[in-house]
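J.: Mind looking at a prediction? Sequence and model below.
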Amino acid sequence: MIATMAETNDRRDAAAQWFVALRDRICGEFEAIEAEAGSTARFVRNDWERPDGGGGTTAIMKGRVFEKVGVNVSVVHGEFAPEFRGEIPGTAEDPRFWAAGVSLVSHPCSPLVPAAHMNTRHIVTGKAWFGGGADLTPIYPDEPAAGDFHAALKAACDGYAPDAYAQYKKWCDDYFFLPHRGEPRGAGGIFFDYLEGGDIDRDFAFVRAVGEAFLAAYALIVRARMGQSWTDEQRRHQLVRRGRYAEFNLLYDRGTRFGLKTGGNVEAILMSLPPEAAWP
């Protein structure tokens with residue numbers, strides 16, 4: 001039992017350290033993109049504490065390429081509220097939990113640069129698992145960007161299991177869908193949760209591969225499009241599409257519910273919302 005607990009703690013520490021390291025790499029890459037566009041924008045970081053245990057850091061940048069991009073990390077622990085316990089594996093008899101993760105949402109200035117989301121997390125209750133995913137939201141259909149993005153994620157999935165990409169892509173397509181509008185949120189990606197492949201170290205390696213794939217693919221997509229000119233009408237269309245993004249995150253997103261139900265930092269949780277949006 002002592003050895004098992006020590007191994008669990010080691011994995012917790014390794015996961016938390018990876019999420020911070022990935023955050024730092026993403027922030028560095030996005031600041032470099034801003035510099036290439038002639039901007040001096042930098043991420044502003046703010047630490048927060050969760051009253052019931054743990055905390056995190058928000059990192060927000062507003063620049064010439066990224067109208068608003070947030071990359072948050074958190075490590076929290078405590079107990080689930082009674083009405084939330086039945087939804088989480090391993091909490092039926094013991095409501096205690098530990099969770100760490102990194103979450104990114106990018107809302108570019110240009111309507112021709114796709115918005116993007118990425119999240120990976122490690123949760124420990126009576127069970128331990130990884131979850132996460134990444135998806136791309138072009139304002140206008142962009143098959144080359146979607147193709148490159150999916151190819152990078154597929155390569156990460158193929159290194160994990162032969163059927164992983166097909167399974168996690170479908171999960172993403174089903175999840176990032178607005179039922180009240182009958183339309184997908186964007187061009188999709190992958191989504192997975194309760195990842196228990198029988199080898200937690202292998203699962204963790206896959207989560208790291210997803211983070212690496214996202215960073216490499218999205219940076220290329222942004223750089224290839226950030227210099228293109230756009231019109232006022234395209235900007236207006238972007239704001240309307242962002243309204244759809246806000247609708248999904250406020251009505252359906254599980255991460256938003258999880259954060260609010262577990263007493264997380266409200267500003268960090270709602271970081272995903274766009275800086276401006278419109279409805280027709």
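T.: Cool, got the structure.
J.: which intervals of the chain have sub-threshold pLDDT?
T.: 1-6 (pLDDT under 70).
J.: Going along the chain, name the strands of it.
T.: Per DSSP state E, the chain carries strands over the ranges 44-49, 54-61, 66-79, 96-108, 115-124, 128-137, 177-178, 183-184, 188-195.
J.: In CSV, list these along with mean neighbour count and distance to residue 243.
T.: In short, each C-beta sits where N, CA and C put it, glycine included. CSV is the format used below for the strands of the chain (neighbours: other CB atoms under 10 Å; distance: least, CB to CB, whole Å):
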stretch, mean neighbour count, distance to residue 243
strand 44-49, 12, 26
strand 54-61, 20, 21
strand 66-79, 22, 15
strand 96-108, 23, 12
strand 115-124, 23, 12
strand 128-137, 23, 12
strand 177-178, 15, 11
strand 183-184, 14, 12
strand 188-195, 21, 19
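J.: got these as JSON lines, with distance to residue 7 columns?
T.: JSON lines is the format used below for the strands of the chain (distance: least, CB to CB, whole Å):
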{"stretch": "strand 44-49", "distance to residue 7": "28"}
{"stretch": "strand 54-61", "distance to residue 7": "21"}
{"stretch": "strand 66-79", "distance to residue 7": "18"}
{"stretch": "strand 96-108", "distance to residue 7": "14"}
{"stretch": "strand 115-124", "distance to residue 7": "12"}
{"stretch": "strand 128-137", "distance to residue 7": "10"}
{"stretch": "strand 177-178", "distance to residue 7": "38"}
{"stretch": "strand 183-184", "distance to residue 7": "40"}
{"stretch": "strand 188-195", "distance to residue 7": "17"}
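J.: closest to residue 209 out of these?
T.: strand 115-124 (10.1 Å; CB to CB).
J.: any idea how far the closest one is from the chain center?
T.: 4 Å (CA atoms, centre = their mean, to the nearest Å).
J.: and what of stretch 184-192?
T.: In terms of CA atoms, centre = their mean, the centre of stretch 184-192 is set 11 Å apart from its chain centre.
J.: No further queries at this time; thank you.
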